[in-house]
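**Q** structure for the following, please:
(2 chains)
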Amino acid sequence: ETGVTQTPRHLVMGMTNKKSLKCEQHLGHNAMYWYKQSAKKPLELMFVYNFKEQTENNSVPSRFSPECPNSSHLFLHLHTLQPEDSALYLCASSQDQAGVNEKLFFGSGTQLSVL
Amino acid sequence: GENVEQHPSTLSVQEGDSAVIKCTYSDSASNYFPWYKQELGKGPQLIIDIRSNVGEKKDQRIAVTLNKTAKHFSLHITETQPEDSAVYFCAASVFNDMRFGAGTRLTVKP
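**A** Just a heads-up that it's a prediction; the model follows:
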């Protein structure tokens, strides 16, 4: 148990559906992240929130919409996805994003399949 | 930006042997180098990390070495056990920009 919980674990959706991924951390961290993990590729950073403020959007298509209502919760809203968006979506947290303590704690991910 | 190359992509060893995974990075300003282990069905877990002011760090059976001049760092696992089987990722970070390698799938055969 890493202290970062993601739901659902698996999600199958059609290209016209709207769904949301949820992440919750119980570590008292201030920074939260969304990563995309595709087979045999490096983890791709999507979004970063520090103290609930979005500090990074790594050129992610607008069909992915993040939301961070507080430092413990992070959502990724999905709509009109493409089959190439099928991947494992990982949430992570760290104490902060100041660069002093960059240890990332990952959740188990949501395996997304877009049909 | 930073670019991290990781080799090999797959590695198979016999139980009890050592395993070495190597990474190179491109940005000489990178100052933090973590290694993550990802088991099936789980997210990556930090197993060891090193900062640029240190050349080597050891934690029981795992060790990491850093060569700043050559811009490469390596993970060493000694006395491998079946439970070491997983995908291992290296990463290099500069100014909060952390880039990951593509991963190494390690299989330890009993």
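**Q** what's around A:Met15, how many residues?
**A** By other C-beta atoms under 10 Å in any protein chain shown, 13 other residues sit near A:Met15. Bear in mind the C-beta positions are built from the backbone N, C-alpha and C, glycine included.
**Q** ditto for the one 5 residues further on
**A** Residue crowding around A:Ser20 was assessed by other C-beta under 10 Å; the count is 14.
**Q** what residues does chain A have near chain B?
**A** Residues of chain A lying close to chain B (C-beta under 8 Å from any C-beta of the partner chain) are A:2, A:4, A:6, A:40-43, A:45, A:90, A:92, A:97-99, A:102-109.
**Q** which among those end up buried?
**A** Those of the residues of chain A next to chain B that meet the buried threshold are A:2, A:4, A:6, A:42-43, A:45, A:90, A:92, A:97, A:102, A:104-109, by 16 or more other C-beta atoms under 10 Å in any protein chain shown.
**Q** list the ones among the residues you listed that fall in strands.
**A** Using DSSP state E, A:4, A:6, A:45, A:90, A:92, A:105-106 are the members of those that sit in strands.
**Q** out of these, the closest to B:Glu5 would be?
**A** Checking these against B:Glu5 by C-beta to C-beta gives A:Leu45 as the nearest, at 17.8 Å.
**Q** ok, now which ones touch the closest one?
**A** Counting by C-beta atoms under 8 Å, 6 or more residues apart in numbering or on different chains, A:Leu45 makes contact with A:33-35, A:56, A:58, B:98.
**Q** avg pLDDT for stretch B:41-54?
**A** Within the predicted structure, the mean pLDDT of stretch B:41-54 is 93.
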